[in-house]
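**Student:** Sequence first, predicted model second:
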Amino acid sequence: AVLDVGGRLLGSLPDEIHLTGDKLATAALWHGRGVPHPPTELIESIENVPFDVPWVIKPRYGAGSQATFFVRDVAAITDCWDAAKFEWPGELIVQPFVPGEAVSVALLIGKAQTIPLLPARQHLSSDGRFRYQGGSLPLPAPLAERTIRLAMNAVECIPGLRGYVGVDLVLGDRDWAIEINPRLTTSYVGLRKLCRQNLAELMLRCARGDEIEAPEWLDGPLQFGRFV
């Protein structure tokens, strides 16, 4: 609607929003560009899954851990599948479970530059649903460097991303990009507390094409919840 009336869009372009909202399409793009991402398959029944357990079942289109289930072993397959189909009538995908530390990083993306903000640890539920319960930041420097390096690779191949963009990752024996959120994420509430500048102003300036300096940060640590 913004583009149709000739306005200035301060977020990602519609095609890129559609692409990153489609987990199967994002997986295919990343696979073709060499970005490490768990193998992803669209499935219509549990008999067609090409991976050994453990798996993760999730919607092809979805957010907020909707209909997302950790299938730990063969005994749990049917129950998890039935529960996922009950919660989500649309298409489901399956991925091998990749162990590691759940992290995220937000980036400010403009036409001329991409600036990573402080990476954060994600606090997820331990009930096999991966429900987001908040986070903490900053990450230790070695983990932060790995997070930023992979996130930059993940967004470089999607040129229409703009403004504030979040990237979810898993750091382990091998690091994996999981998905992109082309919007404000909950980490913003923690980042704005530690940013010495006005983070909202930096977002707007970056989105409209201004060249900005990387923000400066107060000392942490800081923990934030999902509902703040």
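**Tutor:** Arrived safely, thanks for sending.

**Student:** in which helix or strand would I find the most centrally placed residue in the chain?
**Tutor:** Note on the chain: the residue nearest the mean C-alpha position is Asp168, at 3.1 Å, using Cα atoms, centre = their mean. Asp168 belongs to strand 163-171 when assigned by DSSP states H and E.

**Student:** Which strands or helices does that strand pack on?
**Tutor:** strand 101-109, helix 141-156, strand 176-181, helix 199-207 (3 or more Cβ pairs under 8 Å, 6 or more residues apart in numbering; DSSP states H and E). (C-beta placed from N, C-alpha, C; glycine too.)

**Student:** Which positions in the helix or strand of the chain with the lowest mean pLDDT come out as buried?
**Tutor:** When the helices and strands of the chain are scored by mean pLDDT, DSSP states H and E, helix 199-207 comes last with a mean of 92. Buried residues in helix 199-207, counted by 16 or more other Cβ atoms under 10 Å: Leu199, Leu202, Met203, Leu204, Cys206, Ala207.

**Student:** Could you check the angle that helix makes with strand 101-109?
**Tutor:** 60 degrees (axes from the mean of the first three to the mean of the last three Cα atoms, to 10 degrees).

**Student:** to the chain's geometric centre, what's the distance from helix 199-207?
**Tutor:** In terms of Cα atoms, centre = their mean, to the nearest Å, the gap separating the centre of helix 199-207 from the centre of its chain is 20 Å.

**Student:** And that helix, what does it pack against?
**Tutor:** Short answer (3+ Cβ pairs under 8 Å, 6+ apart): helix 199-207 packs on strand 101-109, strand 163-171, helix 187-194.

**Student:** buried stuff in the shortest one?
**Tutor:** Along helix 187-194, these residues count as buried under the neighbour rule (16+ other Cβ under 10 Å): Ser187, Tyr188, Val189, Gly190, Leu191, Leu194.

**Student:** ok, now the first one?
**Tutor:** For strand 101-109, the buried set under the neighbour-count rule, 16+ other Cβ under 10 Å, comprises Ala102, Val103, Ser104, Val105, Ala106, Leu107, Leu108, Ile109.

**Student:** so the third one sits right up against Ala120, yeah?
**Tutor:** What that stands for is Ser104. Yes. Taking contacts as Cβ atoms under 8 Å, Ser104 lies within contact range of Ala120: 5.5 Å.

**Student:** ok, back up a step: what about the strand holding Asp168, distance to the chain center?
**Tutor:** Worked out by Cα atoms, centre = their mean, strand 163-171 lies 4 Å from the chain centre.
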